[in-house]
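Undergrad: Test case, fold it:
(one chain, ligands or ions: 1)
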Amino acid sequence: MTVPMPSPAVSPQDDLAPVTLYALDRQRARIEATLRAGMDRVLDHGQFVLGPEVAALEAELADYCGVPHAIGVSSGRDALIMALMALGVGPGDAVFVPAFTFSATAGSVASVGAVPVFVDVDAATFNMDPAALETAIANIRSEGRLQPKAVMPVDLYGLPADYEEIGAIAAREGLHIIADAAQSLGGAAPAGPVGSLAPISAVSFYPTKPLGAYGDGGAVLTNDDALAETVREIRSHGRSGAGDEALRLGMTGRLDTIQAAVLLAKFEVFADEMVRRQQIAEHYTAGLADVVSTPDIAAGYRSAWALYTVRVPDRDRVRKGLSDAGIQTGLFYPTPLHRHGAFQPWVSPDDSHPVAEQLSRDVLSLPIYPDLTDREADRVIAALRAVI
Ligand SMILES: Cc1ncc(COP(=O)(O)O)c(C=O)c1O
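TA: Numbering: from 1, shown residues only. Model (predicted):
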């Protein structure tokens, strides 16, 4: 395998230019000819909705993830909503979500009329803590108000959640599992690649994701034929095939053909980009593990490195210091979900998720993308060491 992103020759300018959190323009420059050819083909054939590029991308995604079905949809959030709808999750149901994630995880649950129940996360992996999940299920059962229906683990920053442990709990409790794999396409666990780790998974193609479109997009992955057919109907107004009748409630939830063309071009280099992300992550860990808390990836797991996130004391001072040194960083996420205004109707005053609270104060995400140069990664390391 070739990794076509060598560190370019360094000019004195490089040490003055800011290191940005993302640099999509560099990837575009690298693959511009393929991107433009793909978009031109769509303009020529004119099938802007469910054109041949959508089916081609779905086939490649399914193959890459080792599942029989990939369904291209309008966004990661819509992928979650369609998975919930396909499983019949609705009013009166409880869906267990991590307290530390992007708001769309819980938002998708509330959108189908179900209740998001927040579960604390593990301090080492940042992912849903299986012990906290068991406690949350027991609490909901003893309250007796809601029916525990599903669990939605998130693969935060690209690292798969503990589907083995969570799967065992879900099987005991009779819960569906919907993987929020919005950030983790390209990651893997001992059991297999992301997309195959739960009965149904949702990924996002938001532009800054490891596989990003030039607009919104997402996919649902599943090994279940009936679920796949249901999601295909839901993404197209609840109709089946070319039929006119709405057989079930649906939405306008298809991936645009032009975005599929963009994604096909990017997918050609995706495996190499994953190798490069991994190299940068290893470089960061080697250069930083003695001064900050670096990501903890268990044996047999692979992160997609959507984000490389460290934990630092006095985070806002450190962030300012890095910014002064020309290093842009990200905060994912400064507010745990049980503190978001939108979710207050479902939060009780005694809801406490101390790990999520602490992480929201400590986390800091560093630039990681395939076209980040070795020199830039070294500058990030040197600046962070100096500030600490
Ligand atoms: C964990 C998580 N879930 C869901 C989503 C929603 O994806 P999208 O922006 O494609 O709707 C995101 C996107 O940022 C995410 O990070």
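
Undergrad: residues in contact with the closest residue to L50 other than its chain neighbours?
TA: Of all residues not flanking L50 in the chain, R254 sits nearest, at 5.9 Å (C-beta to C-beta, 6 or more residues apart in numbering). All C-beta atoms are positioned from the backbone trio N, CA, C, and that covers glycine. For R254, the contacting residues are 49-50, 54, 72-74, 235-236, by C-beta atoms under 8 Å, 6 or more residues apart in numbering.

Undergrad: Name the residue of this structure that lies nearest to the ligand.
TA: In the chain, the residue found nearest to the ligand is G76; the distance is 2.5 Å by C-beta to the nearest ligand atom.

Undergrad: Need phi/psi at the closest residue to that residue other than its chain neighbours.
TA: Once flanking residues are discounted, G76 sits nearest to S204: 2.7 Å by C-beta to C-beta, 6+ apart. Dihedral pair for S204: phi -120, psi 140, per degrees, to the nearest 10.

Undergrad: chain center to stretch 229-247: distance?
TA: Stretch 229-247 sits 26 Å away from the centroid of its parent chain (C-alpha atoms, centre = their mean, to the nearest Å).

Undergrad: Show me which residues of it are buried.
TA: 230-239 (16 or more other C-beta atoms under 10 Å).

Undergrad: Restricted to helices, list those.
TA: If you go by DSSP state H, the buried residues of stretch 229-247 have 230-234 in helices.

Undergrad: Chain neighbours aside, what residue packs nearest to the most centrally placed residue in the chain?
TA: In the chain, the centroid-proximal residue (C-alpha atoms, centre = their mean) is Q183; its distance is 1.7 Å. Spatial nearest neighbour of Q183, chain neighbours left out: A306 (4.0 Å); criterion: C-beta to C-beta, 6+ apart.

Undergrad: So S75 sits against V203, correct?
TA: No. Using C-beta atoms under 8 Å, S75 is not in contact with V203, being 10.3 Å away.

Undergrad: follow-up on the earlier one: only whichever of the contacts of R254 are buried, select them in PyMOL.
TA: Per 16+ other C-beta under 10 Å, the buried members of those correspond to this PyMOL selection:
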select buried, resi 50+54+72+73+74+235+236
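
Undergrad: who touches the host helix or strand of A226?
TA: Here A226 is covered by helix 225-234, with elements defined by DSSP states H and E. Residues outside helix 225-234 that contact it (C-beta under 8 Å, 6+ apart): 68-69, 71, 73, 82-83, 85-87, 199-200, 220, 222, 239-240, 247-251, 253.

Undergrad: chain center to it, what's the gap?
TA: That offset, for helix 225-234, works out to 22 Å (C-alpha atoms, centre = their mean).

Undergrad: Kindly export that helix (C-alpha atoms) in PDB.
TA: The C-alpha trace of helix 225-234 is given here as PDB (Å, rounded to 0.1, in the frame of the first residue of the first chain):
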ATOM      1  CA  ASP A 225     -32.100  -7.700   5.000                       C
ATOM      2  CA  ALA A 226     -35.500  -6.600   6.300                       C
ATOM      3  CA  LEU A 227     -34.100  -3.600   8.200                       C
ATOM      4  CA  ALA A 228     -32.200  -2.500   5.100                       C
ATOM      5  CA  GLU A 229     -35.400  -2.600   3.000                       C
ATOM      6  CA  THR A 230     -37.200  -0.600   5.600                       C
ATOM      7  CA  VAL A 231     -34.500   2.000   5.700                       C
ATOM      8  CA  ARG A 232     -34.600   2.200   1.900                       C
ATOM      9  CA  GLU A 233     -38.300   2.900   2.100                       C
ATOM     10  CA  ILE A 234     -38.000   5.400   4.900                       C
END
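
Undergrad: Quick one: name whatever helix or strand follows it.
TA: Next element after helix 225-234 (DSSP H and E): helix 257-267.

Undergrad: what about that following helix and the ligand, touching?
TA: No. Taking C-beta under 6 Å from any ligand atom as the criterion, helix 257-267 and the ligand are apart, separated by no less than 11.2 Å.

Undergrad: The next helix or strand after that helix vs helix 257-267, what angle?
TA: Counting by DSSP H and E, the next helix or strand C-terminal to helix 257-267 is helix 270-288. On the basis of axes from the mean of the first three to the mean of the last three C-alpha atoms, to 10 degrees, helix 270-288 is oriented at 60 degrees to helix 257-267.
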